[in-house]
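Participant: this is the structure alone, sequence omitted:
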Ligand SMILES: NC(=O)c1ccc[n+]([C@@H]2O[C@H](COP(=O)([O-])OP(=O)(O)OC[C@H]3O[C@@H](n4cnc5c(N)ncnc54)[C@H](O)[C@@H]3O)[C@@H](O)[C@H]2O)c1
């Protein structure tokens, strides 16, 4: 297969989908890899390192997209990339289609075979290609949340760890999955008061087992969410219903009751966000103040730590990318149920339940499509 690796064009997106060692792996399996010049620059990966590993460097995004059978990317295609989409193209990237009806319709119209990193799911329900980025976003959420609380950003002017003789700040984390529990570890390490809420008792038990004594675990229900949000200096939104829109746990009426200058870091903004007041921001303009609460809603948080993120991402995606390239479509999906669950669109059909229900589109079960 010919694998294309275009440079990411989303604002401040410095990650790249394949590292030079990843290129070596594709080449050793007999594939050809086209890497757009400069694609790895933001992550400190030089063109000559790609070349040394067997990549063919191409001058433009068009060359990488147009010649490839399989495109590996980091973020979803943006409107300026829509013209590269074509029938039968295999697109393997983060898609988050449930948050974008426009892109869903474009992929269907262009009859692309799209596999979303975030929807690849193992039999135990875990999401192996979301995990590394969620871990990074969770850890970053405290770093950026602490920054939001600084006075010059409209925050309460609270240092999360407090000081001798002064109370620490209070952090409430909604969701105790990968990003929530990672946020929790950092929040506890900073010395903040931390509470974490989930609907899954097993997730709370895990956090309790590793951090009990430093954090309070609570069942997520309306009363507990309200109480914790109103009391918090910083709320981290880290909930997920796989493939579906994030539940709105923080309606505007509740955000209004939060302390003036408190902050919300809505990590799950890529699935629409868990606050009614959340709207997507960018690394260039990451925050805004609404209802006197500072909101940070960047959908590609790991992009600001591209070195760590690129390696963490490609460690996880490479084996799946190789399987798609080696076996092709549909055989790779027939032989790997986790990969099959990642199929979002095929020709003009939606094959993922969460995406179909988000936009009221008919669902074509993956098993039938790849049979
Ligand atoms: N903004 C970014 O840059 C960025 C980066 C990585 C991941 N994410 C997003 O962060 C979100 C979380 O990802 P994750 O890997 O931590 O997911 P996860 O599946 O590991 O955890 C989500 C948790 O939310 C819980 N949950 C579901 N409904 C809930 C509710 N009503 N109340 C409380 N908890 C509830 C689930 O039980 C689960 O434990 C996803 O939307 C993911 O795409 C965003």
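Facilitator: On my side now, so go ahead. Quantities reported herein were computed from a predicted structural model and do not represent experimental measurements. Residues are numbered from 1 along each chain as shown.
Participant: residues from the stretch 201-350 of the chain in reach of the ligand?
Facilitator: 203, 220, 238-241, 247, 249, 267-271, 298-302 (C-beta under 6 Å from any ligand atom). The way it works is simple: take the backbone N, C-alpha and C, and place the C-beta from them, glycine included.
Participant: going through these, which ones are buried?
Facilitator: Of the members of those, the ones counted as buried by neighbours, 16 or more other C-beta atoms under 10 Å, are 203, 220, 238-240, 247, 249, 267-271, 298-302.
Participant: those in helices, which ones?
Facilitator: Among those, the residues falling in helices (DSSP state H) are residue 203.
Participant: now name the helix or strand holding the residue lying closest to residue 324 once chain neighbours are set aside.
Facilitator: Leaving out its chain neighbours, the residue that sits closest to residue 324 by C-beta to C-beta, 6 or more residues apart in numbering is residue 332, at 4.7 Å. Secondary-structure element containing residue 332, defined by DSSP states H and E: helix 331-334.
Participant: just read off the phi/psi values of whichever residue of the chain sits closest to the ligand.
Facilitator: Nearest residue of the chain to the ligand: residue 177, at 1.7 Å (C-beta to the nearest ligand atom). Backbone geometry at residue 177, expressed as degrees, to the nearest 10, gives phi -80, psi -150.
Participant: what's the pLDDT at residue 11?
Facilitator: At residue 11, the model reports a pLDDT of 80.
Participant: ok but it is inside a helix, no?
Facilitator: No. With DSSP: H, G, I helix; E, B strand; the rest coil as the criterion, residue 11 is located in coil rather than a helix.
Participant: is it true that it touches residue 282?
Facilitator: Yes. Applying C-beta atoms under 8 Å, one finds residue 11 in contact with residue 282, separated by 4.8 Å.
Participant: quick revisit: who does the helix holding residue 332 touch, helix- and strand-wise?
Facilitator: Under the contact criterion of 3 or more C-beta pairs under 8 Å, 6 or more residues apart in numbering; DSSP states H and E, the helices and strands touching helix 331-334 comprise helix 306-327, helix 337-341, helix 366-370.
Participant: what's the neighbour count on the closest residue to residue 364 other than its chain neighbours?
Facilitator: Distance criterion C-beta to C-beta, 6+ apart; nearest residue to residue 364, sequence neighbours excluded, is residue 349 at 4.0 Å. The local packing count at residue 349 equals 18, with neighbours defined by other C-beta atoms under 10 Å.
Participant: what stretches of the protein score poorly on pLDDT?
Facilitator: Using pLDDT under 70 as the threshold, the predicted model of the chain has low-confidence ranges 243.
Participant: ok so, going back, partners of the residue nearest to residue 364 in the sheet?
Facilitator: Assessed by DSSP bridges, residue 349 has beta-bridge partners residue 346.
Participant: next, work out how far apart it and residue 370 are.
Facilitator: Residue 349 is 11 Å from residue 370, where distance means C-beta to C-beta, to the nearest Å.
Participant: confirm for me that residue 365 is in contact with residue 350.
Facilitator: No. Proximity of residue 365 to residue 350 does not meet the contact threshold set by C-beta under 8 Å, at 10.4 Å.
Participant: more neighbours: those two, which one.
Facilitator: For residue 365 and residue 350, the more surrounded residue by other C-beta under 10 Å is residue 350, and the numbers stand at 23 against 13.
Participant: quick one: buried residues of stretch 147-158?
Facilitator: For stretch 147-158, burial by neighbour count (16+ other C-beta under 10 Å) applies to 147, 148, 149, 153, 154, 155, 156, 158.
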